[in-house]
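Peer 1: Need the 3D shape of this:
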Amino acid sequence: MLLSIVIVNYNGRRFLADCLDSIKTHVSCSHEVIIVDNASSDGSCELLRTQYPWVRLARSSVNTGFAKGNNIGVAVATGQYILLLNNDTKLLTDVAPALSILENEEEVGVVGAMMFGRDNGYRHSCGYFPSPMRLIRISSLYRKNGPFRFGEFGENLPPYYPVDWVEGSFLLSRRELWRKLGGLDEACFMYGEDVDFCRRIRDAGYLSVYCRHVRYVHYVGYSHGRLPMIVKGFMRFHRRHSGVGTRIAVGVILGAKLVTTYLSNMLLFLAKGSSSNREMMDVSRRAFAHLFEEH
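Peer 2: Below you'll find the predicted structure:
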């Protein structure tokens, strides 16, 4: 078996058909699909059992989170290469160009791909490690220079580009290297585990690269409720990989941003009584608490 595709699913029934049909259409190499279902209650498992019997299904009685769910899937994988693929994605091309990079470039440890949104618009899917200066403006974590700005990669440009990290919604690696590094950090329930994994890939002497010839749609949608987990991911990253001075700087920068968000929404709530502003106050408060966790 050349490739194991691991998908973590939690109440994603509405996305599964598009995702699995695109794999069937576009993946030309020998492969298996492993879905780890995190205690879905929307009929996901019934759909898989009746319409996609070729999928290997691992069912969990609890929601283990994204990182642990992927680790569970990789633990039973038999492929030489591992592709983490979100349940709310759809492949637009074969993954062969990305596999070719790993097969031919020994220094490459992770390959990501070009991402598009639900409206088929180009979206940024790789970037820079979260240094304190970049956390002042979170959007600067994404690579947006040159052809990355609008996704306009001419045919005369390189087929792949070294980057700090690629999104976990499409993350291809070698199974041997994955297991050597211990997989994703299960302390991250969700968000930040992909950046941490790419950092450990770099520390092990390998590159993370972005492959422009592989494309996929990610039906991602941002909600403010994710902010606490995102902040927790940033803090976890720096507790693992940074010195005391950098950790303090990150805490101060994120703390200042969260306090500013809380106060501005409090003023708007007092003026207008908007429930959305009240919600942002609560989200900011919960995110702020993660700045002081020990692990």
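Peer 1: Please enumerate the strands of this protein.
Peer 2: Taking DSSP state E as the criterion, the chain contains strands spanning 3-9, 31-38, 56-60, 81-85, 89-91, 108-116, 122-123, 126-127, 160-163, 165-166, 170-174, 207-218.
Peer 1: ranking the ones you listed by burial, who's on top?
Peer 2: Among the strands of the chain, ranked by average contacts under mean count of other CB atoms under 10 Å, first place goes to strand 165-166 (a mean of 28). (C-beta placed from N, C-alpha, C; glycine too.)
Peer 1: Need the residues that contact that one.
Peer 2: Taking CB atoms under 8 Å, 6 or more residues apart in numbering as the criterion, the residues outside strand 165-166 that touch it are 110-113, 125-129, 194-195, 198-199, 208-210.
Peer 1: returning to that earlier point: nearest to residue 259, out of the strands of the chain?
Peer 2: With distances scored as CB to CB, the stretch of the strands of the chain nearest to residue 259 is strand 126-127 (25.4 Å).
Peer 1: Which other helices and strands does the closest one contact?
Peer 2: Under the contact criterion of 3 or more CB pairs under 8 Å, 6 or more residues apart in numbering; DSSP states H and E, strand 126-127 touches strand 165-166.
Peer 1: what is the rounded mean pLDDT of the strand it packs on?
Peer 2: Averaging pLDDT along strand 165-166 gives 98.
Peer 1: Go ahead and confirm residue 181 touches residue 201.
Peer 2: Yes - taking CB atoms under 8 Å as the contact criterion, residue 181 and residue 201 are neighbours in contact, 7.1 Å apart.
Peer 1: between these two, who's got more neighbours?
Peer 2: Of the pair residue 181 and residue 201, residue 201 is the one with more neighbours under other CB atoms under 10 Å, namely 22 against 17.
Peer 1: For that one, which non-adjacent residue is closest in space?
Peer 2: By the measure of CB to CB, 6 or more residues apart in numbering, the closest residue to residue 201 outside its immediate chain neighbours is residue 109, 4.3 Å from it.
Peer 1: hang on, the one you found packs against residue 173?
Peer 2: Yes - with contact defined as CB under 8 Å, residue 109 reaches residue 173; the gap is 6.1 Å.
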